[in-house]
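Enquirer: Need a 3D model of the following:
(one chain, ligands or ions: 1)
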Amino acid sequence: MTAEKRWKVYVTRMVPGPGISILKEKADVEVSPGDLPVPREVLMEKVRDIDGLLCLLTDKIDKEVIAAAKKLSVIANYAVGHDNVDIEAATKRGIAVTNTPEVLTETTADLAWSLLMAVARRIVEADRFTRDGRYRAWSPTLLLGKDVHGKILGIVGAGRIGSAVAKRAAGFGMRILYYDTERKPEIEKETGARYSAFEDLLGESDFISVHLPLSGATRHMIGERELKMMKRSAILINTSRGPVVKESDLVRALADGTIAGAGLDVYEAEPALAKGLASLENAVLAPHIGSGSEATRSEMARLAAASIVDRLEGRVPENLVNREILG
Ligand code: DGY
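Expert: Take a look at the predicted model:
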């Protein structure tokens, strides 16, 4: 492409790191101002005339948005999950969809582990208690929590992030069970994890950490029935996608003692929380910050920008989700 005729790229939110400058070397780039999702009507308007789109998990890139795009050839989703993009519609139009796997694996596993520890040892409650000036004297019964070491961790979804969480658990001397649609020899070899039927995992685990992509098959995979199969002492961690867990059922289970606690980074209708969730002491809640370290969010931006440039310059992007477009 000549210097006069440059690509056009729209970025739906400012991202940290080198992503924007990588894009600006090759394209005219417009970044949506502010730190809120771009309004739908603005997105519909912007998408009309662009070659590349860098979007976030808060942007619904559905059939309608894709149909409005006249010359779009790449959608780079700034996330590993891509349930916000209609992949089928993009594929039909020959539009490449890319994501940002791997660079965020360890960071997200760190967050899952932080939530697990925080719930087990009641760190948020303890912090509030101390700040409030309620710590008067050491007590044998003060804020007693649950041991993590030596317990059983159930990993639901043994992909990259699930496996990284399992590695952390091995360091705590935990026994690890995992469930996935197929056996994963790697996780078994690296962590000694044992493959388990889903229901058995629910019944045997002390901690259950969910690492599933959102799809028709995984939506509400954990609801009242599954929560009732868990131990009353169990702690549920979800850093994947909110709708995998039926949040209203979880709120009930936490309130009536069906399970002991939960650590959540994702929500069914985020940023909204299910009624009653915010007032539960046995839940630790984070605002979808799984991949949120400075280094990882920069790397995600670099990767997303590089995918756009690759596609626009005729190369196959590293993290192409819909390889079918290659024919
Ligand atoms: C993802 O990548 O899917 C996370 O939810 C955000 O980083």
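Enquirer: Name the residues of the lengthiest helix in the chain that are buried.
Expert: Taking DSSP state H as the criterion, the chain has its longest helix at helix 294-312. In terms of neighbour count (16 or more other Cβ atoms under 10 Å), helix 294-312 has its buried residues at 296-312. C-beta coordinates here come from the backbone N, C-alpha and C atoms, glycine included.
Enquirer: roughly how far apart are the residue most central in space within the chain and Y179?
Expert: With distances taken as Cα atoms, centre = their mean, S240 lies nearest the centre of the chain, 4.0 Å away. Distance, S240 to Y179, using Cβ to Cβ, to the nearest Å: 13 Å.
Enquirer: Now list whatever residues contact both of these two.
Expert: Jointly contacting S240 and Y179 under the rule Cβ atoms under 8 Å, 6 or more residues apart in numbering are G157.
Enquirer: quick revisit: so what secondary structure elements neighbour the longest helix of the chain?
Expert: helix 19-24, strand 27-31, strand 52-55, strand 74-77, strand 96-98 (3 or more Cβ pairs under 8 Å, 6 or more residues apart in numbering; DSSP states H and E).
Enquirer: show me the contacts for the residue nearest to the centre of the chain.
Expert: By Cβ under 8 Å, 6+ apart, the contact set of S240 is 81, 157, 161, 210-214, 266.
Enquirer: Now, the residues you listed that are in strands?
Expert: V210 (DSSP state E).
Enquirer: correct me, but L56 touches A76?
Expert: No: with contact defined as Cβ atoms under 8 Å, L56 does not reach A76; the gap is 10.3 Å.
Enquirer: Around the ligand, pick out the residues from the chain.
Expert: For the chain, the residues in contact with the ligand (Cβ under 6 Å from any ligand atom) are 57, 79-81, 104, 290-291.
Enquirer: can you give me the helices for this protein?
Expert: Going by DSSP H, the chain shows helices at 19-24, 40-47, 63-68, 87-92, 105-120, 123-131, 160-171, 185-191, 198-204, 224-229, 247-255, 294-312.
Enquirer: As CSV, the ones you listed with mean pLDDT and distance to A272 would be great.
Expert: Formatted as CSV, the helices of the chain follow (pLDDT from 0 to 100; distance: least, Cβ to Cβ, whole Å):
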stretch, mean pLDDT, distance to A272
helix 19-24, 98, 29
helix 40-47, 98, 17
helix 63-68, 98, 22
helix 87-92, 98, 26
helix 105-120, 98, 20
helix 123-131, 98, 20
helix 160-171, 97, 24
helix 185-191, 96, 34
helix 198-204, 98, 27
helix 224-229, 98, 21
helix 247-255, 98, 10
helix 294-312, 98, 24
